[in-house]
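Asker: Fold the following for me, if possible:
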Amino acid sequence: MTVAMSPSRPAASSLLKACFLAVASVALAVQPATAGVITGTTGNTTILSKPTSVNYPAGANIFAFVEEQDLAFAPSVTLDLGNIPAGRQVDSYLFHFDPIGSGSVTDTITFSQPILGFIWKTNRLDASDSVFNAFRPVGSWRGLDNNDFENTDTTSLVVGSQSLTLDLQAGGAGIDNVRVLVATPEPATTGGLLALGSLALAGVAKRRGRVSSTENTTAE
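Answerer: Predicted coordinates for the structure are as follows:
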């Protein structure tokens, strides 16, 4: 008597196909690292596209621009606070305050990734503009150093934190700029998922082998 064909063969074939599709989908779904984006403010920061000229916006709010994403930190850049190893991937943000006439503003900004470093002195901002592909905004002074128009800016800048607080005053020929370097998120990896997919495929193949053996088995 011949043993009846196992009814599980079609299911095994479908499962094998599903595993292939799942592994392929995982590979396609992996994306490069994305920016350590601003996840929140207390209301006085406006996020805009990076300026394409020296004409930065003016107004009562702080303006934030994403300058560069996933950029290898250059050892030529001098930080005012922080210690970033050369080659570390960072996202660069510039915070800009230029009130019409004069004014003050306070805001707390939160990122999705840790802050690695800050640049706030005029000469260091100027020197690093080209590294971060940024135009220097119009203004005699632009930092939070002693050349500020009013010299009364206060900030809460902490390396390793995911938020900063800016309390700024500006007017006349002076503007306020702070460059913030945030950790670029690590890219997603497929290693573990592909390994699981491989195990699943191996299991299905083994099962199909048993099914084939069952089909060819006869009993006396």
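Asker: In a helix, Asn123, correct?
Answerer: Yes - per DSSP: H, G, I helix; E, B strand; the rest coil, Asn123 lies within a helix segment.
Asker: model confidence over the helix or strand that contains Phe95, on average?
Answerer: Following DSSP states H and E, one finds Phe95 within strand 89-97. Mean pLDDT, computed over strand 89-97, is 97.
Asker: Partner strands of it, with direction?
Answerer: Strand 89-97 sits in its sheet next to strand 62-72 (antiparallel), strand 176-183 (antiparallel), going by DSSP bridges.
Asker: buried stuff in whichever strand or helix holds Leu164?
Answerer: Per DSSP H and E, Leu164 falls inside strand 163-171. Under the neighbour-count criterion of 16 or more other CB atoms under 10 Å, strand 163-171 has Ser163, Leu164, Leu166, Leu168, Gln169, Ala170, Gly171 buried. In short, each C-beta sits where N, CA and C put it, glycine included.
Asker: Name the surrounding residues that touch that strand.
Answerer: Residues lying outside strand 163-171 but in contact with it, judged by CB atoms under 8 Å, 6 or more residues apart in numbering, are 62, 95, 97-99, 101-111, 115, 118, 144, 148-150, 152-158, 176, 178, 180.
Asker: Tell me which stretches of the protein form helices.
Answerer: Secondary structure of the chain (DSSP state H): helices at 9-29, 122-128, 191-215.
Asker: follow-up on the earlier one: which member of the buried residues of strand 163-171 is positioned nearest Thr78?
Answerer: Nearest to Thr78 among these, counting by CB to CB, is Leu164 at 19.2 Å.
Asker: Can you tell me who the closest one pairs with across the strands?
Answerer: In beta-bridge terms (that is, DSSP bridges), Leu164 pairs with Ile109.
Asker: That's all I had, so thanks and see you.
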